[in-house]
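Undergrad: Requesting a structural model of the entry that follows:
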Amino acid sequence: MARMTKAEKEIYLKQRLVEMQEYENDLKEKGYRFIAGVDEVGRGPLAGPVVTAAVVLPDGFDVLGVDDSKKLTEKKREALYDVIMEKAVCYGIGIRDNSVIDEVNILQATKLAMQEAIENADEMLREKTGESIDFVLFDAMKIDEVEKPQMSLIKGDSRSLSIAAASIVAKVTRDRMMVGYHKVYPYYGFDSNKGYGTRAHYEGLENYGVTPIHRKSFLNSFFNK
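TA: Model prediction:
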């Protein structure tokens, strides 16, 4: 496939922007005003927390390139993160560390972190406008404890602009945390693998054992040595 020219890429990104606003626009036509996209990062790693974000974007948000964080380079994610945090009507972060993951399992920890993210975004919105989030778009998730109208979208981070924005915020937040952990535990490659099971990570485990940020439920064979 031939590389796109600069003009072709801009046309493509504008088309993507329109496509990814369809769910939000449909909901706004039904009367919803503050629609939060929610996503998570870090369900699969062997170490570190699961991090979630909830983001409400403003009407007329026209920043090109917002997409599933996994499709973007680190440089692009960092640039978009700054723009999203500046322009968002509100946002919230939710974090559950490895101890909670080990205690309740990764799915329940993710749901707890998502609830926290929504609550934090809701609090910011109330402080700014006196209003509350009135609809939540989840990426392949449903949380009954969130007492708001909600929709679960499979591959939502590629289909909804607000979910994609949340995926970027969560990803950048967690990546920065793991780079910080690398300074404390330098033998596992956390700065590059972000806690996932790479060769360097497994070598670190073999040579230095389990750290306080490892998920013991994910590493029973190492923990029981």
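Undergrad: where does the protein have low pLDDT?
TA: 1-2, 221-225 (pLDDT under 70).
Undergrad: how about a cut-off of 50?
TA: Within the chain, the stretches with pLDDT under 50 are 1.
Undergrad: And the helices in it, which stretches?
TA: Per DSSP state H, the chain carries helices over the ranges 6-19, 22-29, 74-87, 98-104, 106-129, 161-184, 190-193, 199-208, 220-223.
Undergrad: Surely Tyr196 and Pro45 touch.
TA: Yes - using CB atoms under 8 Å, Tyr196 makes contact with Pro45 at a distance of 4.9 Å. Where C-beta positions appear, they are placed from N, C-alpha and C, glycine not excepted.
Undergrad: So for the two, which sits in the more crowded spot?
TA: More crowded of Tyr196 and Pro45, by other CB atoms under 10 Å: Pro45, with 25 against 16.
Undergrad: Spatially nearest residue to the more buried one (excluding sequence neighbours)?
TA: On the basis of CB to CB, 6 or more residues apart in numbering, the spatially nearest residue to Pro45 that is not a chain neighbour turns out to be Gly195, at 3.4 Å.
Undergrad: Show the contacting residues for that neighbour.
TA: In this structure, Gly195 makes contact with 42, 45-48, 178, 181, 201, 213, judged by CB atoms under 8 Å, 6 or more residues apart in numbering.
Undergrad: Out of those, which is nearest to Ile168?
TA: If you rank the contacts of Gly195 by distance to Ile168 using CB to CB, Gly42 comes first, at 13.9 Å.
Undergrad: For the closest one, give its distance to Ala170.
TA: Summarising the geometry, the distance separating Gly42 from Ala170, computed by CB to CB, to the nearest Å, is 8 Å.
Undergrad: likewise Arg96?
TA: Spatial separation of Arg96 from Ala170 under the definition CB to CB is 12 Å.
Undergrad: So for these two, which sits in the more crowded spot?
TA: Using other CB under 10 Å, the more surrounded residue of Arg96 and Ala170 is Ala170, with 30 against 24.
Undergrad: How many neighbouring residues does Cys90 have?
TA: The criterion is other CB under 10 Å. On that basis, Cys90 has 23 neighbouring residues.
Undergrad: That one touches Val56, doesn't it?
TA: Yes - under the contact definition of CB under 8 Å, Cys90 touches Val56, with a separation of 5.0 Å.
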